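Asks: coords below, sequence missing:
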C-alpha cells in the first residue's frame, strides 16, 4: 500500500496519516480502468468455470 501511495506522489507522512478507508477511496478513484469495462470484476461466469476446470498438466 505504501508503494502505491508513493507512486501517486503522496509524501510518506501523508500516507502514514491516512486511514484505511481514505486509502481505499483513493485507490478506487485512481486504479486503472479500460473504456469498455472495469478491470476488477470483469470476469463472467464462463471465465470462472474455465478457471475451475483448468488443469496445468
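Replies: Right, received. Where do you want to start? Please read all numbers here as calculations on a predicted model, not as lab measurements.
Asks: which stretches of the protein have low pLDDT?
Replies: Along the chain, segments meeting pLDDT under 70 span 35-42.
Asks: Can you show me the helices along it?
Replies: 2-7, 12-16, 20-30, 45-53 (DSSP state H).
Asks: Need the residues that contact the first one.
Replies: Put plainly, it is helix 2-7. The contact list for helix 2-7 (C-beta atoms under 8 Å, 6 or more residues apart in numbering) reads 12, 14-15, 18, 23, 26-27. In short, each C-beta sits where N, CA and C put it, glycine included.
Asks: Apply 10 Å and report the result again.
Replies: Contact partners of helix 2-7, identified using C-beta atoms under 10 Å, 6 or more residues apart in numbering, comprise 10-12, 14-16, 18, 23, 26-27, 30-31.
Asks: Tell me the one among those nearest to residue 50.
Replies: Residue 50 has its nearest neighbour among these in residue 31, at 24.7 Å by C-beta to C-beta.
Asks: what's the distance between that closest one and residue 6?
Replies: 16 Å (C-beta to C-beta, to the nearest Å).
Asks: Point to the residue nearest the middle of this protein.
Replies: residue 31 (5.8 Å; C-alpha atoms, centre = their mean).
Asks: Using JSON lines, lay out the helices of the chain together with mean neighbour count.
Replies: Listed next are the helices of the chain as JSON lines, based on neighbours: other C-beta atoms under 10 Å:
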{"stretch": "helix 2-7", "mean neighbour count": "12"}
{"stretch": "helix 12-16", "mean neighbour count": "12"}
{"stretch": "helix 20-30", "mean neighbour count": "11"}
{"stretch": "helix 45-53", "mean neighbour count": "9"}
